[in-house]
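# Just a sequence and a predicted model for now, questions to come.
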Amino acid sequence: MISKRIQKAMEGNSAIRAMFVEGKAMAEQYGAENVYDFSLGNPATPAPAAVNDAIRELLDKADEAGAAGSLALHGYMENSGYEAVRAKIAENLNQRFGTSFDAHNLIMTVGAAGGLNIIFKTILDPGDEVIVFAPFFGEYRQYVANFDANLIVVQPDPETFQPDLTDLAAKITPRTRALIVNTPNNPTGVIYRPETMRRIAEILEEKQREYGTDLYLVSDEPYRELVYDGNQEDFLTKYYANTIVGYSFSKSLSLPGERIGYVAVPDEAADVEDLIRGIEISNRTLGFVNAPSLIQKAVARCLDEKTDVAFYDENRRMLYEGLTKLGFSCIRPEGAFYLWVKSPVEDEKTFVAEGKKLRILMVPGSSFGCPGYVRLAYCVSHETVKNSLPAFAKLAGVYGL
Ligand code: PLP
């Protein structure tokens, strides 16, 4: 007999993951070139050559040093990760964003997912509330439920998909512990404007004063470097002191299977030392113990590298222009690698099913708390985007667009 909690999780199991499996089966049946799989954010661009070079060098160096080398590379270390790695990341962030971190502000994590879970374990008690802006990365539901807290959803402006801040102010209660912000956003590709971030900070500060609570802004930043059209990479600690950053190298260095990221807690955050210590302990007690060792050391050597943003930009252009011309209504992405498309019919699941008949795989908006839309992950090859357009033309025809 399995637990009631996991039974519940199984009922709402990820539509994206299910589609990933279906996509693979379809590729085997019809040939990969005949399936237009836009379901999963699994980057098609290779990791920068420097990453594999760093891994090879680290392995060679360890071999040369014998048993001591092996222990230094593959052994346990502090639960927060190697100090030298954290110091290098701190220095890199300080240079790029004018922060003043040192190694002790950082905890290396098992991707953004591991990072968010150790943050929530540290700050949430049962019955607490975490606010998120719709549409949102669906896994947040599980991460918050893991600690018996409740996810409270704030609606977007339906024109721009920027958050509705009046709704935010109305939904903060004395039980609110955190607001999750994810910009550039999965699934819309929208970037929250600096004035939006400043207004969010004002609202959080006002509510902290009103309720006498600490409200943490949890900035989930796997897409930080994926920005287009001259948009600047942003770092949210500058807007609001109680910001906890969760970062991942999954997308910026195309390493999602390696499970590597970090949490950064600025000295200005309330109860900073307790927070850092709590996050470190949570990393251990949730069973991660520490982030994977070899890849920690490898990414520390590649902090100035990034994935081929121009590659995604080309896909963005082809897909946005292609679909818009066909009569679909899309939000123009400013960052990340997702296109958010309005379903031509109210029930987007029937639209997704029609797409599947043409071997186009899209994820229904209800997976992101926002029915009536679908998400296309365009982190695929140029050929997939190009070859999908005739299939989208047929799909447009089905709806008389
Ligand atoms: N947060 C968002 C918004 C994401 O899109 C993803 C992955 O797609 C994650 C977190 C999880 O990232 P990771 O693979 O680093 O755990």
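Received, thanks. Just so we're clear, the structure is a prediction, and the values are computed from it rather than from any experiment.
# What are the boundaries of the helices in this structure?
Using DSSP state H, the helices of the chain run over 4-11, 15-30, 49-64, 66-74, 83-97, 111-123, 139-145, 165-171, 194-211, 272-285, 293-300, 309-325, 348-357, 382-398.
# I would like the residues contacting stretch 111-122, please.
107, 109, 130, 139-140, 143-144, 146-147, 149, 178, 180, 216, 218, 220-222, 244, 246-248, 250, 256, 259-263, 275, 278-279, 281-283, 285-286, 288, 291 (C-beta atoms under 8 Å, 6 or more residues apart in numbering). To be clear about C-beta, it is placed using only N, CA and C from the backbone, and glycine gets the same treatment.
# Settle this for me: residue 254 is touching residue 307, isn't it.
Yes: if you go by C-beta atoms under 8 Å, residue 254 and residue 307 touch, sitting 5.2 Å apart.
# and for these two, which residues touch both?
43, 45, 47, 48.
# The first one: neighbouring residues, count only.
What it means is residue 43. When neighbours are counted by other C-beta atoms under 10 Å, residue 43 registers 23.
# Which residues are in contact with residue 51?
253, 255, 298, 299, 302, 305.
# Make CSV from those residues and add distance to the ligand to it.
Formatted as CSV, those follow (distance: C-beta to the nearest ligand atom, whole Å):
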residue, distance to the ligand
253, 11
255, 9
298, 15
299, 12
302, 16
305, 17
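# follow-up on the earlier one: any idea which of the helices of the chain is most buried?
A comparison of the helices of the chain by mean neighbour count, using mean count of other C-beta atoms under 10 Å, puts helix 111-123 on top with a mean of 24.
# coming back round to it: just name the closest of the contacts of residue 51 to residue 364, please.
Proximity of the contacts of residue 51 to residue 364 (C-beta to C-beta) peaks at residue 255, which lies at 27.7 Å.
# Thought residue 47 was touching that closest one, still the case?
Yes: between residue 255 and residue 47 there is a contact at 5.6 Å, judged by C-beta under 8 Å.
# Of those two, which one has the most company?
Set residue 255 next to residue 47 and count neighbours by other C-beta under 10 Å: residue 255 wins out with 23 against 19.
# so does stretch 285-297 get close to the ligand?
No: Stretch 285-297 lies out of reach of the ligand by C-beta under 6 Å from any ligand atom, never closer than 10.8 Å.
# For the nearest residue to residue 370 once chain neighbours are set aside, which residues are in contact?
Spatial nearest neighbour of residue 370, excluding adjacent residues (C-beta to C-beta, 6 or more residues apart in numbering): residue 135 at 3.5 Å. Residue 135 makes contact with 156, 161, 185, 187, 188, 340, 365, 368, 369, 370, 373, 375 under the criterion C-beta under 8 Å, 6+ apart.
# Tell me which of those fall in strands.
340, 373, 375 (DSSP state E).
# from the shared contacts of residue 254 and residue 307, which is closest to the ligand?
Of all the shared contacts of residue 254 and residue 307, the ligand sits closest to residue 43, with 9.8 Å by C-beta to the nearest ligand atom.
# In contact with the residue nearest to that closest one when sequence neighbours are not counted, which residues?
Closest residue to residue 43 apart from its sequence neighbours, by C-beta to C-beta, 6+ apart: residue 254 at 4.2 Å. Applying C-beta under 8 Å, 6+ apart, we find residue 254 in contact with 43, 45, 46, 47, 48, 307.
# Burial check on the second one, number of neighbours?
The tally of other residues near residue 45 (other C-beta under 10 Å) stands at 19.
# What pLDDT does the model give it?
On pLDDT, residue 45 comes in at 95.
# I'd like to know how far it sits from residue 279.
With distances taken as C-beta to C-beta, to the nearest Å, residue 45 is found 31 Å from residue 279.
# on that earlier part again, are any of the contacts of stretch 111-122 buried, and if so which?
107, 109, 130, 139-140, 143-144, 146-147, 149, 178, 180, 216, 218, 220-222, 244, 246-248, 250, 256, 259-263, 275, 278-279, 282-283, 288, 291 (16 or more other C-beta atoms under 10 Å).
# Strands - which of those residues land there?
Judged by DSSP E, these include 107, 109, 130, 178, 180, 216, 218, 220, 244, 246-248, 261-263 as members of strands.
# Those residues: which two are farthest apart?
Most distant of these, by C-beta to C-beta, are 130 and 262, 20.5 Å apart.
# any idea how far the spatially closest residue to residue 132 that is not a sequence neighbour lies from the ligand?
Nearest non-adjacent residue to residue 132, counting by C-beta to C-beta, 6+ apart: residue 180, 4.6 Å away. Per C-beta to the nearest ligand atom, to the nearest Å, residue 180 is found 9 Å from the ligand.
# For the stretch 151-300 of the chain, which residues are neighbours of the ligand?
Close to the ligand, as judged by C-beta under 6 Å from any ligand atom, the stretch 151-300 of the chain has residues 182, 186, 220, 222, 248, 250, 256, 261.
# list the contacts for the residue nearest to the second one when sequence neighbours are not counted?
When you say that, I think you mean residue 186. Spatial nearest neighbour of residue 186, chain neighbours left out: residue 137 (5.1 Å); criterion: C-beta to C-beta, 6+ apart. Going by C-beta under 8 Å, 6+ apart, residue 137 touches 182, 186, 187, 220, 368.
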